[in-house]
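1. with the input below, show me the fold.
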Amino acid sequence: MTEKIPKIFIQELLERTNIIDLIGNRIILKKMGNNYHALCPFHQEKTPSFVINKAKQFFYCFGCNIYGNSIDFLMKYEGYNFLESIYHLASLHNLKIPYKNLDSYEKKKYLKINILHTILKQVCKIYSQNLFYTSNIHALKYLYHRGINNFIIKKFSLGYASNDQTQIQKFFKKKKINTNISEETGLSTNKLISKKYDRFHQRIIFPIRSQYGKINGFGGRTLNKNLFPKYLNSPETLIFSKKKNLYGIYELYQINPHPPFLIVVEGYLDVISLNQYNIPYVVSIMGTNLSEYQIKSLFQISPNIIFCYDGDKIGQQAHWKSLLSILPYLSDDRTIKFIILPNTEDPNSIIIKEGTQKFLLRIKKSQSFYKFFFNYFMKKIPLNSINSKIKFSKTVIPLIKKIPGKMIRLYLRKILGYKIDFLELEDLNAIISFKHKTLQTKKKIIKRTTMRLLISLILQNPKLVKKISNLEYLKSFHIPGISIFIKLIQYIIQSPQIKIGQLLEYFRDTQHENIFKKLLSWDNMIASNQINQTFLDLLHNLELKEIEYQYNLLILKEKRKGLRLSEKKKIWNFNKMLTSTIQKNK
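-> Residues are numbered from 1 along each chain as shown. As a prediction, this is how the structure comes out:
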């Protein structure tokens, strides 16, 4: 797939991308010396073994041996394919991808994504302008009545879809946007077979943005009591999936991408009202079903999640559904809590009624995962007999076993033992064990040859090419790997400012990619002040190997045909050089 995008463009993308920012927007990093460290996002661990080097624009985990550049991280972390990673980075830097294959499906797909984002941005402006027209004053008054001021309206780009059911259709016609594209925006709907209408008419509009500010879709709340449903989202499109979005994430990232805690709510107005009252660490899952993608996104933002849904029965059931969904992701460095609101309240209404300080108190007193977990079952199964305690245990234990965090399981086990009067903790421990399936792969050991050591040193320290005084001489060598060694040197000479992350990208999808990745992560155990001399020594060893090769050829020729005088002189010089080297090494 990489042949469809010029390598020079990919190198430019990597040059513009700061890998620290890219990864730091997804996991919490801590600066230690010249590097940044973190708990590895690709395997469970207690001590940080995931290292990112800013100068080299490269990451490596000493625990699971995963490594690479910014593109590799997106592919491994986000599950993107190569082209999706390129598109993501290009979008970050507002660069157009110069595809080589004009007929490629991928090009058409990602050009369409750009078009859709552009259209939604323009439509968002139309909705924003609508809100302040005199004919739509009732919509603005509604927001003011909910306590939302102009600053928050602007911050969240709120708007209004007018009573004209074809306003956006007219916009499509004016801009000459074809029917297929208009449908793929999710802004059109068919009420009659012969005519299209605007999906979001007579509704307050909430743009749903990515963490980088791209509008992926819209949400709408009706102001017409006869218009159903009350809340409406964009349908699934090429750029919008309800399961892959968090409302309010862009606004959160503008303040702090890694807050000390994160509040998760159900609706748009919950997010907006909490922001209005200076509680900005909040996002909405736009409903009550928490997807795997959203769970991972939440923990990317903060390890401390507080759920605050509506106080009615449906909201409380949603709390429990979220808890069940999140159990397999509860490692020991993560916490979840719950704010239980009064039956008739939701986050939006309670913050307006009580104000900031009382809501902060609710956050402080939020119910722990442990209490919420056991209280839920104790309401359903009273512990008043041995049989009920057995039933309670049989219900609780399978859920505890889903949790990967050892300490969390330990505390749950102790609480369970106390509640069912079963104090033989060792027996409980045998029952409650987390079986985490890990893929066991045999590590292929790579032999450390002179050539591989040289390539490894150059990959890790590209400036070493300046130590090579005679490249033409090296080209004459007959040593396995010399051609790729020469190619590597030539590429670095052509791009003297290249970083390791870019260097790695140059060899993607070649026969050398895997071996180069391994050599790049090799620990050569050489002190920094000894690297230059070691490199020169290895070059000398390479030269000796070539001399030895030429010497053996001449010896073989002498046995078969005999040698000319000039060749005899050569063999004598070779012998002298090899003997001298042996004596020096004694």
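2. tell me which helix or strand comes right after the lowest-mean-pLDDT helix or strand in the chain.
-> Least confident helix or strand, the chain: helix 425-431 with a mean of 59, by mean pLDDT, DSSP states H and E. Using DSSP states H and E, the helix or strand that directly follows helix 425-431 along the chain is helix 450-460.
3. just checking, what packs against that next one?
-> helix 482-494, helix 500-506, helix 513-520, helix 531-560 (3 or more C-beta pairs under 8 Å, 6 or more residues apart in numbering; DSSP states H and E). C-betas here are computed from N, CA, C, even on glycine.
4. I'd guessed Pro48 sits against Asn35; true?
-> No. Counting by C-beta atoms under 8 Å, Pro48 stays clear of Asn35, with 10.5 Å between them.
5. contact partners of the helix or strand hosting Leu361?
-> Using DSSP H and E, Leu361 falls within helix 356-364. The contact list for helix 356-364 (C-beta atoms under 8 Å, 6 or more residues apart in numbering) reads Phe261, Ile263, Leu274, Tyr277, Asn278, Ile279, Ile306, Ile339, Leu341, Ile350, Ile351.
6. which members of those residues occur in strands, if any?
-> Secondary structure from DSSP state E places Ile263, Ile306 of these in strands.
7. low-scoring stretches of the stretch 301-450 of the chain, by residue?
-> Scanning the stretch 301-450 of the chain with the threshold set as pLDDT under 70 gives 423-446.
8. same thing with the stretch 451-586 of the chain?
-> In the stretch 451-586 of the chain (pLDDT under 70), the answer is 574-586.
9. then the stretch 101-250 of the chain?
-> Scanning the stretch 101-250 of the chain for pLDDT under 70 picks out 101-104, 191-194.
10. how about the helices in it?
-> Secondary structure of the stretch 101-250 of the chain by DSSP state H, counting those that start in this stretch: the helices cover 105-131, 137-145, 150-155, 167-174, 179-184, 249-255.
11. about what we covered before: other SSEs contacting whichever helix or strand comes after the helix holding Leu361?
-> The helix or strand immediately downstream of helix 356-364 is strand 367-368, counting by DSSP H and E. Strand 367-368 sits against strand 335-338, with contacts defined as 3+ C-beta pairs under 8 Å, 6+ apart.
12. that older thread, in the helix holding Leu361, what's buried?
-> Phe359, Arg362 (16 or more other C-beta atoms under 10 Å).
13. still on that earlier bit, tell me the most buried of the helices and strands packed on helix 450-460?
-> helix 500-506 (a mean of 23; mean count of other C-beta atoms under 10 Å).
14. contacts for that one next, please.
-> With C-beta under 8 Å, 6+ apart, helix 500-506 has contacts from 7, 10-11, 14-15, 19, 53, 56-58, 68-72, 459-460, 462, 491-492, 495, 516-517, 520.
15. give me that answer again for 6 Å
-> Under the criterion C-beta atoms under 6 Å, 6 or more residues apart in numbering, residues Ile10, Gln11, Leu14, Lys56, Gln57, Phe58, Asn69 lie in contact with helix 500-506.
16. distance from the chain centre to that helix, please.
-> Offset of helix 500-506 from its chain centre (C-alpha atoms, centre = their mean, to the nearest Å): 20 Å.
17. same check, this time on stretch 167-185
-> Put simply, stretch 167-185 sits 33 Å off its chain's centre (C-alpha atoms, centre = their mean).
18. contact partners of that stretch?
-> Taking C-beta under 6 Å, 6+ apart as the rule, stretch 167-185 contacts Leu116, Ile119, Leu187, Ser188, Lys196, Asp198, Thr237.
19. distance between the ends of it?
-> 15 Å (C-alpha to C-alpha, to the nearest Å).
20. related to what we said a few turns ago, just the buried subset of the contacts of helix 356-364, please.
-> Phe261, Ile263, Leu274, Tyr277, Ile279, Ile306, Ile339, Leu341, Ile350, Ile351.
21. the third one and Leu341, how far apart?
-> Okay, so that is Leu274. 13 Å (C-beta to C-beta, to the nearest Å).
22. now stretch 138-149: buried residues?
-> Ala139, Leu140, Leu143, Ile148.
23. returning to that earlier point: can you tell me which of the contacts of helix 356-364 is nearest Thr288?
-> Among these, Leu341 lies closest to Thr288 (C-beta to C-beta), at 14.3 Å.
24. can I get the buried part of the contacts of stretch 167-185 as one PyMOL selection?
-> Selection of the buried residues among the contacts of stretch 167-185 in PyMOL, burial being defined by 16+ other C-beta under 10 Å:
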select buried, resi 116+119+187+188+196+198+237
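25. okay if I get the contacts of stretch 167-185 as CSV plus distance to Leu544?
-> As requested, the contacts of stretch 167-185 are exported to CSV (distance: C-beta to C-beta, whole Å):
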residue, distance to Leu544
Leu116, 62
Ile119, 66
Leu187, 72
Ser188, 74
Lys196, 78
Asp198, 78
Thr237, 64
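26. show me the contacts of stretch 167-185 that map onto strands.
-> When the contacts of stretch 167-185 are checked against strands (DSSP E), the matches are Ser188, Lys196, Asp198.
27. reformat those as JSON lines; add distance to Ser476.
-> Putting the ones in strands among the contacts of stretch 167-185 into JSON lines (distance: C-beta to C-beta, whole Å) gives the following:
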{"residue": "Ser188", "distance to Ser476": "68"}
{"residue": "Lys196", "distance to Ser476": "71"}
{"residue": "Asp198", "distance to Ser476": "73"}
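28. which one of these is nearest to Asp332?
-> Ser188 (48.5 Å).
29. mind listing what the closest one touches?
-> Shown in contact with Ser188 (C-beta under 6 Å, 6+ apart): Ser182, Lys196.
30. would you mind measuring from it to Ser521?
-> The gap separating Ser188 from Ser521 is 51 Å, by C-beta to C-beta.
31. quick one: contacts for Asn348?
-> Contacts of Asn348 were listed using C-beta under 6 Å, 6+ apart, and they are Leu269, Asp270, Ser273.
32. burial measure for the second one, as a count.
-> Using other C-beta atoms under 10 Å, Asp270 has 26 neighbouring residues.
33. so what's it closest to, chain neighbours aside?
-> In space, and not counting its chain neighbours, Asp270 is closest to Pro347: 4.0 Å by C-beta to C-beta, 6 or more residues apart in numbering.
34. quick check: the one you found touching Tyr268?
-> No. Taking contacts as C-beta atoms under 6 Å, Pro347 lies outside contact range of Tyr268: 11.1 Å.
35. looking at these two, which one has more neighbours?
-> Higher neighbour count among Pro347 and Tyr268: Pro347, with 28 against 25, using other C-beta under 10 Å.
36. so which of the contacts of Asn348 are in helices?
-> Leu269, Asp270, Ser273 (DSSP state H).
37. distance-wise, check Asn35 relative to Glu106.
-> 35 Å.
38. how deep is His201 tucked in, by neighbour count?
-> Neighbouring residues of His201 were enumerated by other C-beta under 10 Å; the total is 20.
39. I'd guessed it sits against Ala161; true?
-> Yes. Taking C-beta under 6 Å as the definition, His201 is a contact partner of Ala161 at 5.1 Å.
40. quick revisit: could you dump the buried ones among the contacts of helix 356-364 to TSV with distance to Ser291?
-> Formatted as TSV, these follow (distance: C-beta to C-beta, whole Å):
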residue	distance to Ser291
Phe261	21
Ile263	18
Leu274	22
Tyr277	28
Ile279	24
Ile306	19
Ile339	21
Leu341	23
Ile350	26
Ile351	26
